[in-house]
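# The following comprises the amino acid sequence and a computationally predicted model.
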Amino acid sequence: MARKAGKKTSKTSASAAGTTSDCEAPALPAAQELGKWDQRYFQICAVVASWSEDQSRQVGCVIVGPAKEIRATGYNGFPRGVNGKVDARHSRDGEEKYFWFEHAERNALYNAARSGVSTEGCCAYVSLFPCAECARAFIQSGITELHAYVPPERDRKYARSFEVSRQMLHEAGVVLKLFEKPKEPFVIQP
């Protein structure tokens with residue numbers, strides 16, 4: 001995992017990444033081909049995401065330690081003990097849903113904290129590019145590398161948030177690796 005907590009990238013590496021100033025979001029890195037371990041962790045993300053009660057979007061997150069061990073998982077859903085069967089809580093009208101649901105990334109971090117597991121120096125795998133709030137949580141929790149699918153191009157709700165997220169991750173020195181979301185579901189292989 002590439003950065004040490006608190007280390008920033010140099011201006012030279014920022015320029016090489018396509019950034020013209022410290023105030024504008026860097027260009028997205030090119031999407032990479034899924035390697036064996038990336039595929040495995042994204043498969044786990046998909047399984048974890050399937051546990052979500054969200055009727056419109058299921059997201060999974062897996063936090064992986066430096067020795068490739070799974071430290072924590074999370075999916076987007078209601079806080080523990082909160083009734084998810086109330087239809088109004090799923091409504092995007094008036095953005096009601098966003099008061100009730102927690103994001104997969106922060107749920108994974110909360111699960112790690114609840115279990116006393118450190119996320120310092122870990123890599124996070126997420127099945128949706130993280131919003132600005134989740135990027136802040138990753139940075140503050142010591143995540144040093146993020147593997148995610150390319151952010152959706154036409155997401156009106158989160159477009160600006162994805163841009164801010166990208167900028168914060170860049171400034172904080174979190175290594176970002178993007179992948180194209182597979183068109184077909186993963187076939188689980190040994």
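Arrived safely, thanks for sending.
# I'd like to know how many residues surround residue 57.
Using other Cβ atoms under 10 Å, the number of residues around residue 57 comes to 14. From N, CA and C alone the C-beta is placed, and that goes for glycine too.
# So it, which state does it fall into?
Under DSSP: H, G, I helix; E, B strand; the rest coil, the three-state class of residue 57 is coil.
# what's it sitting at in phi/psi?
Here the main-chain torsion angles of residue 57 (degrees, to the nearest 10) amount to phi -150, psi 130.
# hang on, it packs against residue 131?
No - with the criterion set as Cβ atoms under 8 Å, residue 57 and residue 131 do not qualify as a contacting pair; they are 11.8 Å apart.
# which residues do the two both contact?
Taking Cβ atoms under 8 Å, 6 or more residues apart in numbering as the criterion, residue 57 and residue 131 do not both touch any residue.
# Spit out the contact partners of residue 147.
For residue 147, the contact set (Cβ under 8 Å, 6+ apart) comprises 38, 41, 42, 123, 124, 125, 126, 177, 178, 179.
# pretty sure it is in a helix, no?
No - using three-state DSSP, the secondary structure at residue 147 is strand, not a helix.
# Quick check, pLDDT for it.
Per-residue confidence at residue 147 stands at 97 (pLDDT).
# And for residue 40, the neighbour number?
Residues contacting residue 40 under the criterion other Cβ under 10 Å number 19.
# mind checking the SS state of it?
helix.
# For it, give its distance to residue 143.
Applying Cβ to Cβ, to the nearest Å, the value for residue 40 to residue 143 is 19 Å.
# Give the buried residues for stretch 35-43.
Of the residues in stretch 35-43, those buried by neighbour count under the rule 16 or more other Cβ atoms under 10 Å are 38, 39, 40, 41, 42, 43.
# ok now that stretch, how far from the chain's centre?
Going by Cα atoms, centre = their mean, to the nearest Å, the spacing between the C-alpha centre of stretch 35-43 and its chain's C-alpha centre is 15 Å.
# For it, give the mean pLDDT please.
92.
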